[in-house]
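Asker: mind looking at a prediction? Sequence and model below.
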Amino acid sequence: MSLNFELLRRWPDVEAQNLAAVDAADRLLLDLGAAAGWPSAPGQVVILGDHYGALTLGVLASGVHGVRVHQDTLSGSRAITANAQRLLPELSDEFRLLPLGAELLHSATLVLLVLPRSLDALEEMLGFIAEHADPRVKVMATGRIKHMNHSMNEVLGSYFESVTASLGRQKSRVLTAVGLREKTARPAPRFPLRSSHELALAEPLALRAFAQTFGGAKLDPGTRFLLEHLELPGDAQHVVDLGCGNGSIATFVALKYPGVRVLASDQSASAVASTDATAAANGVGERITAVQDDALAARGDGSESVVILNPPFHMGNTVHAGIALKLFTDVARVLAPGGELWCVWNSHLGYRGQLEKLVGPTRQVAKNPKFTVTVSTRR
């Protein structure tokens, strides 16, 4: 069955002329997988990190059945489903989206993997593969050469006896790993990652992070700058931490303001789990609710009085302002009149004009050579 990859969409993720739903690395992996021969029995192929469905739909179109897929982001998961229903409706029930774990990887003999930016994320994925897949499992991992490094081979080599690299094609390459090492020869599990940070709190802030969470267990320097200047309104009872990541903002607020409850939202399932772990490690889990959402889609218009945001300025490996503008727009919808958006951003991005336009009057709270903290008040 043929598939026109040019018809794939990123929706509901941000779409723009310079943002594609498929790349040369996806195509190379599918071609090499087909050349090697797909497993004939259903349920043996697992796909990790497929961005918008190119790998999932490509494998389905090749006649593979019972495919299991993991995509950490909500927008990515929804894009895969939407593309399947639109382009291959007769096969859209031949794949399942699942979280990392035993159900996803049980007895898998072939894992197709999009190499993540983080070595920790790669190691976390390989740990699940080693624990739950068939001992004869083969991993084929693809990426753009400019984003690959020899350390990825080393991480793969710590789990598999043999790691080979394909010839490059269109600036892409595939690493193939076979010969799963015995459990005693593999790295010991080490997730969630842990760290501790001194802030203006009675005790150090303990952070926890699963590996697909952006920034891991680090305290982002922009977030630290924001927290140093954050002052909630005196009557604040409920705060939204949008793009919660490892839960540093949500947990700091819960610790500094004992009467405040926090809704922490992120489109990453890993970030939601990390926020839960961080909240529990600091003893404030009962006042923080972490949810996976596309921006604040599940919140009603005018339902919130305070939102705190450290917006991303990239999408995957591409620097793009679209995601920040999408978040600003949704914050404007959710804030009640007079509600506040506390935001920190890289000063060179110059977001103040957009905040004024999309949310309301914006004042600068603090600025250093790299970051700016602002408060925008909903009109």
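Answerer: That came through fine. This is a predicted model, so every value here is computed, not measured.

Asker: where does the protein dip in pLDDT?
Answerer: 1, 313-321 (pLDDT under 70).

Asker: can I see the domain layout of it?
Answerer: Residue ranges for the domains of the chain, per automatic domain parsing: 5-185, 193-377.

Asker: turn the ones you listed into a markdown table, columns for mean neighbour count.
Answerer: For every residue, glycine as well, the C-beta is placed using N, CA and C. Shown next, in a markdown table, are the domains of the chain (neighbours: other CB atoms under 10 Å):
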| stretch | mean neighbour count |
| --- | --- |
| domain 5-185 | 18 |
| domain 193-377 | 19 |
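
Asker: what's near enough to touch the residue nearest to Gln44 when sequence neighbours are not counted?
Answerer: Nearest non-adjacent residue to Gln44, counting by CB to CB, 6 or more residues apart in numbering: Thr109, 4.5 Å away. Neighbour list for Thr109: Pro39, Gln44, Val45, Ala133, Asp134, Arg136, Val137, Lys138 [criterion: CB atoms under 8 Å, 6 or more residues apart in numbering].

Asker: do a quick rundown of the strands in the stretch 251-379 of the chain.
Answerer: All strands of the stretch 251-379 of the chain, identified by DSSP state E, counting those that start in this stretch, fall at 261-266, 288-292, 304-309, 314-315, 318-319, 335-346, 362-367, 371-377.

Asker: quick one: closest of these to Glu203.
Answerer: strand 288-292 (16.4 Å; CB to CB).

Asker: so which elements touch the closest one?
Answerer: helix 248-256, strand 261-266, helix 269-281 (3 or more CB pairs under 8 Å, 6 or more residues apart in numbering; DSSP states H and E).

Asker: what about the strands in the stretch 51-200 of the chain?
Answerer: 67-70, 95-97, 110-114, 138-144, 160-165, 172-180, 193-197.

Asker: kindly reformat those strands as TSV containing distance to Thr377.
Answerer: As requested, those are exported to TSV (distance: least, CB to CB, whole Å):
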stretch	distance to Thr377
strand 67-70	40
strand 95-97	39
strand 110-114	41
strand 138-144	42
strand 160-165	54
strand 172-180	47
strand 193-197	30
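
Asker: looking at these, which is nearest to Ala16?
Answerer: strand 138-144 (18.6 Å).

Asker: show me what contacts the nearest residue to Tyr159 once chain neighbours are set aside?
Answerer: Using CB to CB, 6+ apart and skipping residues adjacent in sequence, the residue nearest Tyr159 is Leu126, 4.7 Å away. Contacts for Leu126 were tallied using CB under 8 Å, 6+ apart; they are Val139, Val155, Leu156, Ser158, Tyr159.

Asker: now do the third one against Leu119, distance only.
Answerer: Plainly put, Leu156 is 10 Å away from Leu119 if you go by CB to CB, to the nearest Å.

Asker: do the same with the last one
Answerer: Counting by CB to CB, the gap from Tyr159 to Leu119 is 13 Å.

Asker: tell me the SS of Gly215?
Answerer: coil (DSSP: H, G, I helix; E, B strand; the rest coil).

Asker: does it touch Gly243 like I think?
Answerer: No. Using CB atoms under 8 Å as the test, Gly215 is too far from Gly243 to be in contact (10.9 Å).

Asker: about what we covered before: got the strands of the stretch 251-379 of the chain as JSON lines, with distance to Val114 columns?
Answerer: JSON lines is the format used below for these (distance: least, CB to CB, whole Å):
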{"stretch": "strand 261-266", "distance to Val114": "20"}
{"stretch": "strand 288-292", "distance to Val114": "20"}
{"stretch": "strand 304-309", "distance to Val114": "27"}
{"stretch": "strand 314-315", "distance to Val114": "14"}
{"stretch": "strand 318-319", "distance to Val114": "15"}
{"stretch": "strand 335-346", "distance to Val114": "27"}
{"stretch": "strand 362-367", "distance to Val114": "37"}
{"stretch": "strand 371-377", "distance to Val114": "31"}
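
Asker: so which of those comes closest to Leu175?
Answerer: strand 318-319 (22.3 Å).

Asker: the residue most central in space within the chain pairs with what?
Answerer: The C-alpha lying nearest the average C-alpha coordinate of the chain belongs to Ser268 (CA atoms, centre = their mean; 4.3 Å). Beta-bridge partners for Ser268, by DSSP bridges, are Thr73.

Asker: and the nearest residue to Leu180 once chain neighbours are set aside, how far is that from Glu231?
Answerer: When the adjacent residues along the chain are set aside, Leu180 lies closest to Pro135, with 5.5 Å between them (CB to CB, 6+ apart). Pro135 sits 56 Å away from Glu231, going by CB to CB.

Asker: same question, Lys326
Answerer: 27 Å.

Asker: tell me how far the closest residue to His238 other than its chain neighbours lies from Met140.
Answerer: In space, and not counting its chain neighbours, His238 is closest to Arg261: 5.3 Å by CB to CB, 6+ apart. Counting by CB to CB, the gap from Arg261 to Met140 is 45 Å.

Asker: for Lys367, same thing?
Answerer: Between Lys367 and Met140 the distance is 47 Å, computed by CB to CB.

Asker: go through the helices and strands packed on strand 288-292 and name the closest to Val373.
Answerer: helix 248-256 (12.4 Å).
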